[in-house]
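Trainee: Show me the folded form of this:
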Amino acid sequence: MENVGHNTRLQWAVFGVLTVVDGGLVVKLLLGSSDIGLLLVCVATVTALLVVSVRIFDLGSLTVGKDGIKADLLAVKDKVSDIQSRQDEQQQYLDAFFRILSERLTPPMKYHLRVLARGGELYTGQDSLRQDLLQLKRFGLIEEVPPQKIGDFLDGKQANVALFVRLTPTGEKFLPALDKIESQ
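Mentor: Residues are numbered from 1 along each chain as shown. Sure, this is the predicted structure:
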């Protein structure tokens with residue numbers, strides 16, 4: 001915490017010095033000078049340094065190498081760290097949700113998800129199949145393929161299940177998690 005105050009004081013000191021130098025150069029320019037071109041370049045340079053000095057103290061590190069110049073800004077580094085922490089927390093919630101969901105799914109439901117991930121297979125319509133598919137749809141793991149409806153998969157009718165339903169993005173993320181959960 002002391003370092004932050006020190007950096008702020010140093011920043012203001014550099015800013016103040018540059019302001020005084022810039023003011024002096026402008027006064028010299030207004031009073032007349034024999035070398036106006038050089039004076040204008042100096043004013044522009046010091047003004048640019050004033051702008052840069054405000055940001056230069058936000059640098060965490062600055063390295064120069066074969067790959068070019070690399071600068072780590074403290075504010076950006078902090079933001080990235082915060083985002084990473086939130087992503088880690090969200091991943092923990094998602095893992096917990098997937099563990100709970102995997103316990104709620106019956107073996108046939110898990111089989112249907114894996115079949116859909118492989119592109120489908122020929123199924124024969126029956127009530128238990130429709131119930132499984134409707135439950136998977138309620139969980140947000142699959143969605144109907146328009147214009148088909150799960151209810152259109154009539155008893156005794158044979159068709160590729162992938163013509164009626166497909167995995168949602170959540171379903172696609174769930175399958176690797178399911179494999180991981182079941183292997184533990």
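
Trainee: From here on, just use CA atoms for contacts and neighbour counts.
Mentor: Fine.

Trainee: Quick one: low-confidence residue ranges for the protein.
Mentor: Across the chain, the ranges flagged by pLDDT under 70 are 1-12, 15, 29, 33-34, 36, 38-39, 43, 47, 49-65, 69-75.

Trainee: now the helices for this structure?
Mentor: For the chain, helices defined by DSSP state H occupy the ranges 2-31, 36-56, 74-104, 107-117, 127-138, 169-183.

Trainee: just so I know, which of these lies nearest Pro146?
Mentor: With Cα to Cα as the measure, helix 127-138 is the member of these nearest Pro146 (13.9 Å).

Trainee: got the buried residues for the closest one?
Mentor: When burial is assessed from 16 or more other Cα atoms under 10 Å, helix 127-138 yields the following buried residues: Leu129, Arg130, Asp132, Leu133, Leu134, Leu136, Lys137.

Trainee: Domain-wise, how is the chain divided?
Mentor: Per automatic domain parsing, the structural domains of the chain span 2-57, 105-183.

Trainee: any chance of those in JSON lines, with distance to Gln91 too?
Mentor: Shown next, in JSON lines, are the domains of the chain (distance: least, Cα to Cα, whole Å):
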{"stretch": "domain 2-57", "distance to Gln91": "33"}
{"stretch": "domain 105-183", "distance to Gln91": "11"}
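
Trainee: Pretty sure Asn160 sits against Arg118.
Mentor: No - applying Cα atoms under 8 Å, one finds Asn160 not in contact with Arg118, separated by 11.7 Å.

Trainee: So between these two, which is more surrounded?
Mentor: Using other Cα atoms under 10 Å, the more surrounded residue of Asn160 and Arg118 is Asn160, with 16 against 10.

Trainee: how close does the more buried one get to Cys42?
Mentor: Distance check for Asn160 against Cys42: by Cα to Cα, to the nearest Å, it reads 76 Å.

Trainee: Which of the domains of the chain has the highest mean neighbour count?
Mentor: domain 105-183 (a mean of 16; mean count of other Cα atoms under 10 Å).

Trainee: Look up how far Asp22 lies from Tyr123.
Mentor: For Tyr123, the distance to Asp22 under the criterion Cα to Cα works out to 81 Å.
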